[in-house]
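Colleague: Fold the stuff below for me.
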Amino acid sequence: MTRHQTHPHGSDHRPLSRLDMSLTIEKDAYETRLKAQQRRFQEIQQAYLHTKDKAVIVFEGWDAAGKGGTIRRISSVMDPRGFKVWPIAAPTAEDAKHHYLSRFWQRLPADGEICVFDRSWYGRVLVERIEGFAEPSQWGRAYGEIVDFERLLADAGTRIVKIFLYITPDEQLQRFEDRMNDPLKRWKLSYEDFRNRDKWHEYEDAANEMIERTSSTTAPWIVLPANDKKYARIEALDAIADRLSDGVDLSPRPADPKLKAEYKQMVEADRKAKKKDG
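Modeller: Numbers count the residues shown, from 1 in each chain. Modelled structure (predicted):
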């Protein structure tokens with residue numbers, strides 16, 4: 001069993017079955033590592049503003065697996081001017097008139113930006129496949145289209161990180177119960193959550209095929225056991241930060257000399273004004 005799996009193309013026919021679902025993390029270790037990683041994300045963002053690097057982070061996985069909680073641990077320390085989270089729902093009637101990838105092109109990061117997709121273009125080979133919203137010929141060719149799409153992004157300098165969170169049926173049921181009993185979390189539940197649960201094995205087969213067929217050296221899937229939310233969260237943050245910082249100088253840039261001079265003048269003027277008033 002492995003802590004998590006990074007899957008290059010064609011590496012494993014049943015990647016989800018190889019996860020060790022019993023892995024956990026101690027509270028103290030979690031808090032220490034979380035603080036360190038959040039600091040690292042701040043460093044990454046300030047570096048990107050200068051290097052003009054850009055990145056796409058994709059989250060897929062089971063309902064209630066912890067995608068939103070992991071995303072919040074990143075977004076809580078990021079400046080929204082260079083960081084966007086895109087929660088992806090079913091395509092609208094207008095979206096349906098266009099190629100399924102078109103709505104994602106519009107949400108890609110500009111230079112210096114980082115974008116997170118809470119679900120993504122992989123809906124084509126997951127929910128659209130299982131629920132019959134896409135014809136077999138449509139979702140069948142989507143694997144190659146997605147690989148080509150991500151290759152275009154990577155060739156243009158976009159870093160891509162893809163996280164898949166997996167939980168067991170018993171753990172998911174417990175989380176559904178917790179949400180149902182908590183008035184502030186009940187809104188997260190939907191009829192679709194229960195419907196999808198009834199097709200667990202179909203979704204599992206589709207996820208395994210997706211992971212195998214859409215991993216590549218530039219955009220591999222990172223598959224994590226998420227029965228322990230904190231464990232999965234830290235592993236995901238580690239993997240994302242490693243990818244986004246690879247080859248990037250995270251050292252804070254020195255202050256602009258003109259900015260320093262302006263600041264010095266402002267402080268001196270403020271000091272003189274206070275002295276005069278006193």
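Colleague: Run through the helices of the stretch 151-278 of the chain in chain order.
Modeller: 169-181, 191-198, 200-214, 229-245, 257-277 (DSSP state H, counting those that start in this stretch).
Colleague: Export the first one to CSV, keeping only CA atoms.
Modeller: Okay, so that is helix 169-181. Output in CSV follows, covering the C-alpha atoms of helix 169-181 (Å, rounded to 0.1, in the frame of the first residue of the first chain):
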residue,chain,number,x,y,z
PRO,A,169,-18.6,4.1,1.2
ASP,A,170,-18.8,3.9,5.0
GLU,A,171,-16.8,7.1,5.5
GLN,A,172,-18.9,8.9,3.0
LEU,A,173,-22.1,7.8,4.7
GLN,A,174,-20.8,9.1,8.1
ARG,A,175,-19.9,12.5,6.5
PHE,A,176,-23.4,12.7,4.9
GLU,A,177,-24.9,12.1,8.4
ASP,A,178,-22.6,14.8,9.9
ARG,A,179,-23.8,17.3,7.3
MET,A,180,-27.4,16.4,7.7
ASN,A,181,-27.2,17.0,11.5
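Colleague: helices and strands around that helix, which ones?
Modeller: helix 191-198 (3 or more Cβ pairs under 8 Å, 6 or more residues apart in numbering; DSSP states H and E). All C-beta atoms are positioned from the backbone trio N, CA, C, and that covers glycine.
Colleague: Can you list the helices and strands that the helix it packs on packs against?
Modeller: Taking 3+ Cβ pairs under 8 Å, 6+ apart as the contact cut, helix 191-198 packs with helix 169-181.
Colleague: give me the low-pLDDT residue ranges for the protein?
Modeller: Scanning the chain for pLDDT under 70 picks out the ranges 1-12, 278.
Colleague: one more time with 90, if that's ok
Modeller: Low-confidence segments of the chain (pLDDT under 90): 1-14, 178, 180-198, 252-265, 268-278.
Colleague: about what we covered before: could you dump the helices of the stretch 151-278 of the chain into a markdown table with distance to Asp20 added?
Modeller: Output for the helices of the stretch 151-278 of the chain, formatted as a markdown table (distance: least, Cβ to Cβ, whole Å):
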| stretch | distance to Asp20 |
| --- | --- |
| helix 169-181 | 14 |
| helix 191-198 | 23 |
| helix 200-214 | 17 |
| helix 229-245 | 10 |
| helix 257-277 | 51 |
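Colleague: Just name the most buried of these.
Modeller: With neighbours defined as mean count of other Cβ atoms under 10 Å, the helices of the stretch 151-278 of the chain peak in mean count at helix 229-245, which reaches a mean of 21.
Colleague: Who are the contact partners of Lys84?
Modeller: 107, 109, 113-116 (Cβ atoms under 8 Å, 6 or more residues apart in numbering).
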